[in-house]
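Trainee: sharing a sequence plus its predicted fold:
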Amino acid sequence: MMSAAGKRMMVFAGTHNRDLSEDISRHLGVELGNIKISAFSNGEIYVRYLESVRGADIFLVQTMCRPVNAALMELLIMIDAAKRASARSITAVIPHYGYARQDKKSAAREPITAKLVADLLTTAGADRVIAMDLHQGQIQGFFNQPVNHLTALPILADYFQGLNLSECVVVSPDVGRVKVCKKLADMLGANLAIMHKGRPEHNIAEITHVIGDVEGKNCIIADDMIDTAGSVSEGARALVNKGAQGVWVAATHGIFSSPAFDRVDAAPIEEVVVTNTLPIPLEQQHGKIRVLSVAPLFARAIQNVYNDDSVSELFDPDFQL
């Protein structure tokens, strides 16, 4: 895409979640750029742009889904190749930012992998990052480059408003998500409840208390991601035991590692609503699993970055995560 000022936008997709990349390009009204991504026999990744990117504003769309390490390395190589090909600017569009759960040291001798990934992207040559619903907003501060932090809350809120649930309560799965859940509750005109969660081990959750009135209410557990679904399934049971009428789950990132789908099916959950920041197998997009598209929001964010327009006003100019 060439602007009147002579600027040129080019959008390229990695091999992870190609469907989302194509959907974003359709909403932008541009063709995905021509790029070759392959692997050597030992698994090393090879990248080459098959058209000139010199002087162009490059947007590289790559979500960090399984295998996460390969997705991250592929993105770094794409950035390096664009930098060495004299791109004018390089924006990494990362719908799901990998390694974000380790954003601080919770115990001695632990890494801070969210900062490590930020350093890798910076060193590779990224000038800007566009991401959605980072595990914690503080991750933006790990970059010295601009970070446009999108949120799927309005998309999720629109969906639940369409359900016309009565006596609705938004439930935070832990104290760390209270601020975001309060924002969703305000959007829905709902009350707020909080669960107290403990983690004796990774991917194992124990719900010890529910703070707030949920008896006879329709509850929406809202989180940033669902991995093995241990937290939401245990949370749903805790809410039903407290007298909840029905339980829905909303999350931006549906990781769904095994045995997540089995846990969702077995739990007293009406529906799990996620977005397509991560690919969800088509055979699982039925029954309790509902997938909403974030492609229009990413397309508008890319367009506004390219045009030097505001990005925050796309979803909520007053919201700071």
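Mentor: Structure's in. What do you need?
Trainee: not including adjacent chain positions, what is the nearest residue to A39?
Mentor: Distances taken as Cβ to Cβ, 6 or more residues apart in numbering place I45 nearest to A39, at 5.7 Å, with adjacent residues excluded. (C-beta placed from N, C-alpha, C; glycine too.)
Trainee: the one you found: how many residues sit nearby?
Mentor: 17 (other Cβ atoms under 10 Å).
Trainee: phi first, then psi, for it.
Mentor: Dihedral angles of I45 (phi, psi; degrees, to the nearest 10) stand at phi -90, psi 140.
Trainee: neighbouring contacts of stretch 26-35?
Mentor: Stretch 26-35 is contacted from outside by 1, 9-13, 21-22, 25, 47-51, 53, 78, 295-296, 298-300, 302-303, using Cβ atoms under 8 Å, 6 or more residues apart in numbering.
Trainee: separation between the residue most central in space within the chain and G216?
Mentor: Nearest to the geometric centre of the chain sits H96, at 3.9 Å (Cα atoms, centre = their mean). Computed as Cβ to Cβ, to the nearest Å, the H96 to G216 distance reads 36 Å.
Trainee: strands of the stretch 201-321 of the chain, start to end?
Mentor: Remark: strands assigned in the stretch 201-321 of the chain by DSSP state E, counting those that start in this stretch are 204-211, 218-226, 246-254, 271-275, 289-292.
Trainee: could you find the closest non-adjacent residue to L165?
Mentor: N218 (4.3 Å).
Trainee: isn't the one you found up against W248?
Mentor: Yes. The pair N218 / W248 is scored as a contact, 7.2 Å apart, by Cβ atoms under 8 Å.
Trainee: shared neighbours, those two?
Mentor: Common contacts of N218 and W248, defined by Cβ under 8 Å, 6+ apart, comprise L165.
Trainee: please identify which of the two sits among more neighbours.
Mentor: Comparing N218 with W248 by other Cβ under 10 Å, the one with more neighbours is W248, at 25 against 19.
Trainee: ok, that one - contacts?
Mentor: Neighbouring residues of W248 by Cβ under 8 Å, 6+ apart: 160, 163, 165, 218-221, 269-273.
Trainee: which SSE is the residue lying closest to Q138 once chain neighbours are set aside in?
Mentor: The shortest distance from Q138 to any non-neighbouring residue, by Cβ to Cβ, 6+ apart, is to D103 (6.4 Å). Using DSSP states H and E, D103 falls within no helix or strand.
Trainee: for D103, what are phi and psi?
Mentor: phi -100, psi 0.
Trainee: what's the distance between it and Y159?
Mentor: Separation of D103 from Y159 (Cβ to Cβ): 28 Å.
Trainee: what do you get for V11?
Mentor: Using Cβ to Cβ, we find V11 at a distance of 27 Å from Y159.
Trainee: higher neighbour count, the two?
Mentor: More crowded of V11 and Y159, by other Cβ under 10 Å: V11, with 23 against 16.
Trainee: sorry, back to before: is it true that the residue nearest to Q138 touches I112?
Mentor: Yes. Assessed by Cβ under 8 Å, D103 is found in contact with I112 at 6.6 Å.
Trainee: neighbour count for those two, which is higher?
Mentor: Per other Cβ under 10 Å, whichever of D103 and I112 has more neighbours is D103, with 18 against 15.
Trainee: check contacts around the more buried one.
Mentor: 112, 114-115, 135-136, 138-139.
Trainee: let me see the domain layout of the chain.
Mentor: Domain assignment for the chain by automatic domain parsing gives 9-152+295-314, 153-292.
Trainee: burial of the closest residue to A13 other than its chain neighbours, as a residue count?
Mentor: Leaving aside its chain neighbours, A13 sits nearest to S21 (3.4 Å; criterion: Cβ to Cβ, 6+ apart). S21: 25 surrounding residues under other Cβ under 10 Å.
Trainee: correct me if wrong: S21 contacts G14.
Mentor: Yes. Counting by Cβ under 8 Å, S21 touches G14, with 7.4 Å between them.
Trainee: need the overlap of contacts for these two.
Mentor: In contact with both S21 and G14: V61, using Cβ under 8 Å, 6+ apart.
Trainee: pLDDT below threshold where in this protein?
Mentor: 1-5, 197-208, 315-321 (pLDDT under 70).
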